[in-house]
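Enquirer: Sharing a model that was predicted from the sequence below.
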Amino acid sequence: MNNFDILPERHGTNSLKWDFAKERGKNKDILPLWVADMDFRLPDEILNKFKSIFDQGIFGYSEPLDSYYDALINWNKRHYDLDLDRKYIINGCGVVFSIANLIRALTKENDAILINEPVYYPFKETILANNRRVAIAELKPNKDNKYYFDYDLIEKKIIEDNVKIYLLCNPHNPVGRAWDRSELEKIAEIAKRHNVFVISDEIHEDFVYNKKFVSIGKVMDKGYAICTAPSKTFNIPGLHSAYSYIPDDKLLNDYKKELVRVGYSQSNIVGIKALEIVYNYGDKWLKDVKEYIYNNYLFMKEYLRINLPLAKVTELEATYLVWVDFSAYNLSDRRLKEIIEDKALVWLDGGIIFGRSGSGFERFNIATTRSLLKEALDRIIRALNEV
Ligand SMILES: Cc1ncc(COP(=O)(O)O)c(C=O)c1O
């Protein structure tokens, strides 16, 4: 038995995924496969190093040391051949937080920001909460069960809405694409032609299967920023260890002014040290966890093909989030949600929250044990087969 087959007891651990069903109006016995964190413990080798953070016994205001930058720069070079200049790296508490600050630093109220729906829903929320306009260029689903950019639509929207920022999701949550270099080159070309700044959210970069992740930093030399973190990769979003790469002196300075404006200064010592530890010692665990998750995906695809053939599983190139099309059942989004949540007792993220083009879909977080995944699928299969 693999360690990943053992479900840790997460009840009573302040877990958003496991402890707050009642507060969010769900049945207490619901199986949670929604929010993007993993039901996997880090290995003892890493956890013991985390414990050493507490040995100093003093938790004063903290900033990254050289060792932080070394670990981060080496990780990006080693895995993605990406050369980061230390002076443009800025640590922070969250990827969405960094995106919000960049949006304010780069635009003024009512400016338009482009997103590719269906996409991680806090993109739209953050844009609107900052009184900016959302321009939507939907991704195009294809017969090969993958989604693609619609370059003509992107360009049309940029012109029509006078777009200032392209908020790119690479890899893309929820459709599971890791954009090819040639695709990113086309996006870069369009952005450059229309003087649009690209913010690339690369938080899922380390979960790319059977191909190589390409950062926006490999195809652009200016006019972009990267917002990312080791938080998905090593299941540490609760430690607030995000960072941004902003290779532009003026923008970096404006970004820092935004931090002052929201009253944010030094970050969490545990987050800083955790990044250093996982980036230095996490390669082997990451390889193993990716293999387990990818096998979960293969299992799920085959299991649904046999037992629920009307459900169409989108190809998973990246992330641990599987995008499944239930539209062949001809159910409203509300009815589909009722069947999955109230009848099957499985908690997923309904596709409609990712944008109108997500209607009829559900997003499964498969970073859990195969047996829990099977149980969730069995419940859904039973419930839908009774419809
Ligand atoms: C694309 C994307 N960006 C950002 C986040 C969240 O990042 P953070 O918690 O650091 O704000 C997630 C979490 O699921 C995500 O999928």
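Expert: Arrived safely, thanks for sending. Please read all numbers here as calculations on a predicted model, not as lab measurements. Residues are numbered from 1 along each chain as shown.
Enquirer: interface residues of the stretch 201-350 of the chain facing the ligand?
Expert: 201, 203, 229, 231, 237, 242 (CB under 6 Å from any ligand atom). Using the backbone N, CA and C atoms, a C-beta is placed for each residue, glycine as well.
Enquirer: what about stretch 109-126, start to end distance?
Expert: One end of stretch 109-126 to the other measures 13 Å (CA to CA, to the nearest Å).
Enquirer: ugh, wrong one, I meant stretch 161-180
Expert: One end of stretch 161-180 sits 27 Å from the other (CA to CA).
Enquirer: Would that stretch count as contacting the ligand?
Expert: Yes. Residues of stretch 161-180 contacting the ligand under CB under 6 Å from any ligand atom: 169, 173.
Enquirer: Can you give the distance from that stretch to the centre of its chain?
Expert: The chain centroid and the centroid of stretch 161-180 are separated by 11 Å, computed with CA atoms, centre = their mean, to the nearest Å.
Enquirer: got it, and stretch 114-125?
Expert: Computed by CA atoms, centre = their mean, the chain-centroid distance of stretch 114-125 equals 11 Å.
Enquirer: Report the buried residues of it.
Expert: 114-121, 123-124 (16 or more other CB atoms under 10 Å).
Enquirer: Now do it: everything it contacts.
Expert: For stretch 114-125, contacts defined as CB atoms under 8 Å, 6 or more residues apart in numbering pick out 96, 99, 127, 134-139, 149, 154, 157-158, 161, 163, 165-169, 172-175, 196, 201, 323, 351, 353-358, 361.
Enquirer: And stretch 173-182, by the same measure?
Expert: For stretch 173-182, the surrounding residues in contact (CB under 8 Å, 6+ apart) are 36, 118-120, 139, 146-149, 170-172, 187, 204, 208, 211, 213-214, 218-219, 314-319, 321-323, 349, 351, 354, 358, 361, 363.
Enquirer: buried sites along it?
Expert: Neighbour counts over stretch 173-182 (16+ other CB under 10 Å) mark 173-179 as buried.
Enquirer: Compute the distance between residue 39 and the ligand, please.
Expert: Distance of residue 39 to the ligand, given as CB to the nearest ligand atom, to the nearest Å: 15 Å.
Enquirer: Sort out for me which of the buried residues of stretch 173-182 are in helices.
Expert: Residues of these located in helices (DSSP state H): none.
Enquirer: Specify which member of these is nearest to the ligand.
Expert: residue 173 (4.0 Å; CB to the nearest ligand atom).
Enquirer: and the residue nearest to residue 320 when sequence neighbours are not counted, how many residues sit next to it?
Expert: Distance criterion CB to CB, 6 or more residues apart in numbering; nearest residue to residue 320, sequence neighbours excluded, is residue 367 at 4.1 Å. The tally of other residues near residue 367 (other CB atoms under 10 Å) stands at 23.
Enquirer: ditto for the one 4 residues further on
Expert: By the measure other CB under 10 Å, the count of residues near residue 371 is 11.
Enquirer: per-residue confidence for it?
Expert: We note a pLDDT of 97 for residue 371 in this prediction.
Enquirer: Quick check, it in contact with residue 6.
Expert: No. Contact criterion CB atoms under 8 Å: residue 371 and residue 6 do not qualify, at 9.7 Å.
Enquirer: Helices of the stretch 1-150 of the chain, start to end?
Expert: Ranges of helices in the stretch 1-150 of the chain, per DSSP state H, counting those that start in this stretch, are 16-19, 44-55, 66-80, 95-106, 122-129.
Enquirer: Let me see the residues that make contact with the shortest one.
Expert: The set of residues that contact helix 16-19 without belonging to it, under CB under 8 Å, 6+ apart, is 10-13, 32, 34-35, 37, 39.
Enquirer: Which of the residues you listed fall in strands?
Expert: Using DSSP state E, the subset of those located in strands is residue 32.
Enquirer: Give me the secondary structure label for residue 153.
Expert: Recorded secondary structure, residue 153: helix (DSSP: H, G, I helix; E, B strand; the rest coil).
Enquirer: Leaving out chain neighbours, which residue sits closest to it?
Expert: residue 137 (4.7 Å).
Enquirer: From what I see, that neighbour and residue 154 are in contact.
Expert: Yes. Using CB under 8 Å, residue 137 is in contact with residue 154, at 4.4 Å.
Enquirer: Would you reformat the buried residues of stretch 114-125 as a markdown table and include pLDDT and distance to the ligand?
Expert: Formatted as a markdown table, these follow (pLDDT from 0 to 100; distance: CB to the nearest ligand atom, whole Å):
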| residue | pLDDT | distance to the ligand |
| --- | --- | --- |
| 114 | 98 | 15 |
| 115 | 98 | 11 |
| 116 | 98 | 12 |
| 117 | 98 | 13 |
| 118 | 98 | 12 |
| 119 | 98 | 8 |
| 120 | 98 | 4 |
| 121 | 98 | 9 |
| 123 | 98 | 8 |
| 124 | 98 | 12 |
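Enquirer: Could you save the residues you listed as a markdown table and add columns showing distance to residue 63?
Expert: Formatted as a markdown table, those follow (distance: CB to CB, whole Å):
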| residue | distance to residue 63 |
| --- | --- |
| 114 | 34 |
| 115 | 33 |
| 116 | 35 |
| 117 | 38 |
| 118 | 38 |
| 119 | 33 |
| 120 | 29 |
| 121 | 32 |
| 123 | 29 |
| 124 | 33 |
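Enquirer: Closest to residue 377 out of those?
Expert: Within the buried residues of stretch 114-125, the smallest distance to residue 377 is 21.6 Å, found for residue 118 (CB to CB).
Enquirer: Please report how far that closest one lies from residue 369.
Expert: Applying CB to CB, to the nearest Å, the value for residue 118 to residue 369 is 27 Å.
Enquirer: Among the contacts of helix 16-19, which one sits closest to the ligand?
Expert: With CB to the nearest ligand atom as the yardstick, the closest approach to the ligand among the contacts of helix 16-19 comes from residue 35, at 7.2 Å.
Enquirer: how much does the helix of greatest length in the chain deviate in direction from helix 44-55?
Expert: Ranked by residue count and defined by DSSP H, the top helix of the chain is helix 283-307. Angle of helix 283-307 versus helix 44-55, following axes from the mean of the first three to the mean of the last three CA atoms, to 10 degrees, is 130 degrees.
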